[in-house]
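# coordinates for the following, if possible.
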Amino acid sequence: GGEGTCQLCSEGTFKDTLGCSSCSPPCNATLWEFEQLECTPTQNRLCSSCSVVACAPAEELLGCGGESSGVCTPCRDGTYPVLSSAWNRTECTACAKQCPPGEFLGGCG
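Numbers count the residues shown, from 1 in each chain. Just a heads-up that it's a prediction; the model follows:
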C-alpha cells in the first residue's frame, strides 16, 4: 500500500493525463515535416509541415525535415525563384535560357 511515489515517464513516452502514452512517431522528412515540439515526459511530439516556415520572396528553404526547421537561403547568382506546386514553396532554379552569339542573358538571378 501507501500513497506511492511520482515517477517520470520513460524515454519515448509522455504523460499529460493518467498513465504514460507512447510518443508520436518521428517527423517524416520525406513528407516535408519537421519537429516543432520534441517528445518530453510531459508533452507529445508535434510535427509541422515545412510549408509553415515563411521565407522572403527570393529565398528558398533548405534543410527542413526531421528534427530541423531548415534555413531560409537567398537564391545564388545564376538562379531565380520559382514557386513550386510541390509543397507550395519557393525553389531556386538555374537560369537555363541560351542566347544566340553576340547576346547575353540579362535579368536572371
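
# so who does the closest residue to Glu59 other than its chain neighbours touch?
Leaving aside its chain neighbours, Glu59 sits nearest to Cys72 (4.4 Å; criterion: C-beta to C-beta, 6 or more residues apart in numbering). To be clear about C-beta, it is placed using only N, CA and C from the backbone, and glycine gets the same treatment. For Cys72, the contacting residues are 53, 55-56, 59-61, by C-beta atoms under 8 Å, 6 or more residues apart in numbering.

# want to throw the residues you listed into TSV with neighbour count?
Listed next are the contacts of Cys72 as TSV, based on neighbours: other C-beta atoms under 10 Å:
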residue	neighbour count
Val53	15
Cys55	17
Ala56	10
Glu59	16
Glu60	22
Leu61	21
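
# TSV for the residues you listed, including distance to Arg76, pLDDT and secondary structure?
Listed next are those as TSV, based on distance: C-beta to C-beta, whole Å; pLDDT from 0 to 100; DSSP: H, G, I helix; E, B strand; the rest coil:
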residue	distance to Arg76	pLDDT	secondary structure
Val53	20	90	coil
Cys55	14	90	coil
Ala56	14	90	coil
Glu59	11	92	strand
Glu60	10	92	strand
Leu61	15	92	strand
